[in-house]
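Participant: Predicted model follows, preceded by the sequence.
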Amino acid sequence: MYTQHQRDVQDTFDSRRLADRIEERLVQSELDADDKAFIERQMMFFLATADEQGHLNCSFKGGPRGFVRVLDANTLAFPDYNGNGMFLSIGNIRGNAEVGLLFIDFEQPKRLRVNGEASIDPNDPLLAEFTGAQLVVRVSVREAFPNCPRYIPRMQLVEESRFVQRVGEEAPIPDWKRSDWACDVLPRSDVDSS
């Protein structure tokens, strides 16, 4: 699991044995029932991607509880919703399928890392099941493991985002898309829905 550079730092701080034990005891190649329940309770996660040259991008992904689905022990899927039109994550996935997902529960501090290979099929049958989704990303799980929650601040949800797409409702257009600098260059789908 570890690169030589990671091993060098582990050796500097005398943590190689601990790192090996974590890999031995906590790192799995599949998602178990607890992982599934945890992931499907979350309203957000962070997605790390890299382009073909290795330039990194980290994105926040949010939606209603259950917007990330564990399809089986080796596969999860999540929708890509209308955003800022930059498609940094989706574009990166098309050029480099390696992804890292970080799920964090801030109310009951816990976190789970999932690393794997992503794929996007514009005709994915799940697309019809995710209201408002433009695409569906599937991730083939290579590694899943918890991380120590000690530095996670405990926070409470004040309210869900009003922009989360609901069945039978139009999601509101964010104010920034109506601003002078953006309104004349919006994709047709944003213009038609405003």
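Facilitator: Yep, that arrived.
Participant: When you work out contacts or count neighbours from here on, use the C-alpha atoms and nothing else.
Facilitator: Fine.
Participant: ok, the closest residue to residue 45 other than its chain neighbours to residue 62 distance?
Facilitator: Counting by Cα to Cα, 6 or more residues apart in numbering, residue 103 is the residue found nearest to residue 45 once chain neighbours are left out, at 4.7 Å. The gap separating residue 103 from residue 62 is 11 Å, by Cα to Cα, to the nearest Å.
Participant: what's the answer for residue 153, then?
Facilitator: Distance of residue 153 to residue 62, given as Cα to Cα: 19 Å.
Participant: And for residue 156?
Facilitator: Applying Cα to Cα to residue 156 and residue 62 gives a distance of 16 Å.
Participant: more neighbours, these two?
Facilitator: Neighbours were counted for residue 156 and for residue 62 using other Cα atoms under 10 Å; residue 62 has more, 21 against 10.
Participant: residues in contact with whichever strand or helix holds residue 21?
Facilitator: Element membership of residue 21, judged by DSSP states H and E, is helix 16-25. With contacts defined as Cα atoms under 8 Å, 6 or more residues apart in numbering, helix 16-25 is touched by 1, 7, 10.
Participant: Next, the residue nearest to residue 45: secondary structure please.
Facilitator: Using DSSP: H, G, I helix; E, B strand; the rest coil, the structure places residue 103 in strand.
Participant: How about the contacts made by it?
Facilitator: Neighbours of residue 103 in contact, by Cα under 8 Å, 6+ apart: 39, 42, 44, 45, 46, 111, 112, 113.
Participant: For the top strand by length along the chain, name the packing helices and strands.
Facilitator: The longest strand of the chain (DSSP state E) is strand 133-147. If you count contacts as 3 or more Cα pairs under 8 Å, 6 or more residues apart in numbering; DSSP states H and E, strand 133-147 packs onto strand 75-81, strand 110-120.
Participant: got the angle for it vs strand 75-81?
Facilitator: Strand 133-147 and strand 75-81 are oriented at 130 degrees to each other (axes from the mean of the first three to the mean of the last three Cα atoms, to 10 degrees).
Participant: Now do the helix or strand following strand 133-147: everything it contacts.
Facilitator: Helices and strands here follow DSSP H and E; after strand 133-147, the next one along the chain is helix 188-192. Applying Cα under 8 Å, 6+ apart, the contact partners of helix 188-192 are residue 173.
Participant: quick one: buried residues of the helix holding residue 21?
Facilitator: residue 16 (16 or more other Cα atoms under 10 Å).
Participant: Bridging across strands, which residues link to the residue nearest to residue 138 when sequence neighbours are not counted?
Facilitator: In space, and not counting its chain neighbours, residue 138 is closest to residue 77: 4.3 Å by Cα to Cα, 6+ apart. Applying DSSP bridges to residue 77 gives these bridge partners: residue 69, residue 138.
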